[in-house]
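>>> Have a look at this prediction, sequence included:
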Amino acid sequence: MTKVKVALIGVGNCASAFVQGLHYYGSSEGDFTGLRNPTIGSMKPSDIQVVSAFDVDDRKVGKDLAEAVFAQPNNTLQMTDVPHTGVIVNKGPLLDGVGQSTKNVVKISTVPDANVATTLRDREAEVVVNLLPSGAAEATRWYAEQALKARCAFVNATPNFIASDAAVAKRFSETGLPVAGDDLVDQVGSTALHKTLLNLLSANGVRITETYQLDVGGGTESLDTLERTREAKRAIKTQSVASSLPYKAEVVAGTTDYVDFLQNKRDSYFWISGAYFGNSPMQIDLKFSTVDAPNAGSVLFDVVRALKLALIKKQKGSIAPVCAYAFKHPPQIVSLEEAEENFKKFTAQA
Ligand SMILES: NC(=O)c1ccc[n+]([C@@H]2O[C@H](COP(=O)([O-])OP(=O)(O)OC[C@H]3O[C@@H](n4cnc5c(N)ncnc54)[C@H](O)[C@@H]3O)[C@@H](O)[C@H]2O)c1
């Protein structure tokens, strides 16, 4: 039986959804409704084991993961209870983990920092999943180095460039390790929905002239984005959405605002304007609501199992089919259909 041992960097809302999901889908014979891929390379969600976790918040450090995932300021949906895991959250070095806007929200622990690479090795972690705030560029690079030292594969869910940075990808390649990133796609994501709508319309002969997508959320991550990565996220999403049109149009897509009472909910607003037969005008004005963190769960389940396959197959560097399937900023963007097909081929060759 193939198992995959995972370390989580950052026990925020995404980590909460991931850990809750492992329990929710924990029975190998269970109901897999809500998952994109119940099985990847013979691995079910029950074959994913979290063996180590790191955070900096006093309400999480030193706690069992089962307790830490529900500690404030996490505010995502509680999908299930999580029984005691036996995994105690370690203190990682802070670096640029909090910004001006989140420094009053995160309570920094005074516990000494763990030796991250040694802990990863001791806990026999195979895949390190980076779930730091999106503004933590320095910390993201630092944890990627710890993964290299501990000889672990690395998943970068943040919009900082790791897998799509040729120099960093080369470091993984030279060390014989796989890496996947950057900026995780959502299972029911606003970017994918936007691209699909544009694809459908342009395939039907509609000439899109202008389109935008605005996101509003209330998790700590939305607050951090507002201060530190709004422009970077907007550039990634705009590039990705624009790539779905076979011609140039006015495209803007990206996170715009933080509304605290939304908690971990996210509202996305789409505006599409174009013309069809005889230059007749058409417009779409749409609102799409989700809870943010659970939207990462199914895709993360797929990525960690796919990287375990990459380890088994001794594949190294940026793993193109995994990056294109699961991330908004892969080293090379391909169409949604091609990404899906290449991922299926990659995971079928186990
Ligand atoms: N659907 C999604 O939620 C989604 C989709 C795409 C990408 N992402 C990315 O996933 C990442 C995590 O999102 P989130 O909503 O869980 O964020 P979050 O703010 O809820 O969690 C971040 C966690 O990292 C911890 N942290 C901060 N600095 C640290 C350090 N130096 N070492 C260890 N831990 C540290 C914080 O205390 C917090 O617990 C973000 O970068 C986000 O852009 C999420």
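That came through fine. Residues are numbered from 1 along each chain as shown.
>>> Going by residue numbers, what spans are strands in the chain?
Along the chain, counting by DSSP state E, strands occupy 4-9, 48-55, 89-91, 127-130, 153-156, 178-180, 207-217, 250-258, 265-276, 280-291, 317-318.
>>> What residue in the chain is the furthest from its centre?
G278 (42.6 Å; Cα atoms, centre = their mean).
>>> sorry, back to before: where among the strands of the chain is the average confidence lowest?
Within the strands of the chain, confidence is poorest for strand 250-258, with a mean of 89 (mean pLDDT).
>>> ok, and for that one, which residues are buried?
V251, V252, A253, G254, T255, T256, Y258 (16 or more other Cβ atoms under 10 Å). For the C-beta atoms, the positions are set from N, CA and C on the backbone; glycine is no exception.
>>> what about that strand, near the ligand?
No. Counting by Cβ under 6 Å from any ligand atom, the ligand is not contacted by strand 250-258; separation bottoms out at 9.0 Å.
>>> Can you list the strands that that strand pairs with?
When pairing is defined by DSSP bridges, strand 250-258 lines up against strand 207-217 (parallel).
>>> And the buried residues of strand 250-258, which is closest to the ligand?
Using Cβ to the nearest ligand atom, T255 comes nearest to the ligand of the buried residues of strand 250-258, at 9.0 Å.
>>> Let me know whether the closest one touches D224 as I believe.
No. Taking Cβ atoms under 8 Å as the definition, T255 is not a contact partner of D224, at 10.3 Å.
>>> which stretches of this structure have low pLDDT?
28, 350 (pLDDT under 70).
>>> Contact residues of it facing the ligand?
Counting by Cβ under 6 Å from any ligand atom, the chain sits next to the ligand at 9-15, 54-57, 92-95, 97, 106, 131-134, 136, 139, 157-159, 183-184, 186, 219-221, 292-293, 295-296.
>>> Next step: those restricted to helices.
N13, C14, A15, A139, T220, E221, N295, A296 (DSSP state H).
>>> Reformat these as a markdown table; add neighbour count.
Below are those laid out as a markdown table (neighbours: other Cβ atoms under 10 Å):
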| residue | neighbour count |
| --- | --- |
| N13 | 25 |
| C14 | 28 |
| A15 | 29 |
| A139 | 24 |
| T220 | 23 |
| E221 | 27 |
| N295 | 21 |
| A296 | 25 |
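>>> is it true that L94 touches V106?
No. Using Cβ under 8 Å, L94 and V106 do not qualify as a contacting pair, with a distance of 9.2 Å.
>>> Of these two, which one has the most company?
Per other Cβ atoms under 10 Å, whichever of L94 and V106 has more neighbours is V106, with 23 against 14.
>>> between L94 and V106, what contacts are shared?
Counting by Cβ atoms under 8 Å, 6 or more residues apart in numbering, the residues touching both L94 and V106 are V56.
>>> which residues touch H329?
P159, F161, S164, G181, D182, D183, I236, Q239, S240.
>>> swap in K328?
Contacts of K328 by Cβ under 8 Å, 6+ apart are P159, D182, D183, L184, V185, T191, I236, K237, S240.
>>> same thing with F261?
G218 are the contacts of F261 under Cβ under 8 Å, 6+ apart.
>>> And it, how close does it get to the ligand?
17 Å (Cβ to the nearest ligand atom, to the nearest Å).
>>> So among the residues of the chain next to the ligand, which ones count as buried?
For the residues of the chain next to the ligand, a burial check counting by 16+ other Cβ under 10 Å picks out 9-15, 54-57, 92, 95, 97, 106, 131-134, 136, 139, 157-159, 183-184, 186, 219-221, 292-293, 295-296.
>>> re earlier: pull the most distant pair out of the contacts of H329.
For the contacts of H329, the maximum inter-member distance is 15.2 Å, found between G181 and Q239 (Cβ to Cβ).
>>> on that earlier part again, of the contacts of K328, closest to the ligand?
Taking Cβ to the nearest ligand atom as the measure, the ligand sits nearest to L184 out of those, at 3.8 Å.
>>> residue contacts, the closest one?
A157, A296, V299, L300, V303, A326, F327, K328.
>>> Who is it paired with across the strands?
Beta-bridge partners, per DSSP bridges, of L184: F327.
>>> circling back: out of the contacts of H329, who's the most crowded?
That'd be G181 among those, by other Cβ under 10 Å, with 33 neighbours.
>>> Quick check, that one in contact with I162.
Yes. Applying Cβ under 8 Å as the test, G181 and I162 come out as touching, 4.8 Å apart.
>>> for I319, what are its contacts?
Listed by Cβ under 8 Å, 6+ apart, the contact set of I319 reads P178, V179, A180, A306, L307, A310, F346.
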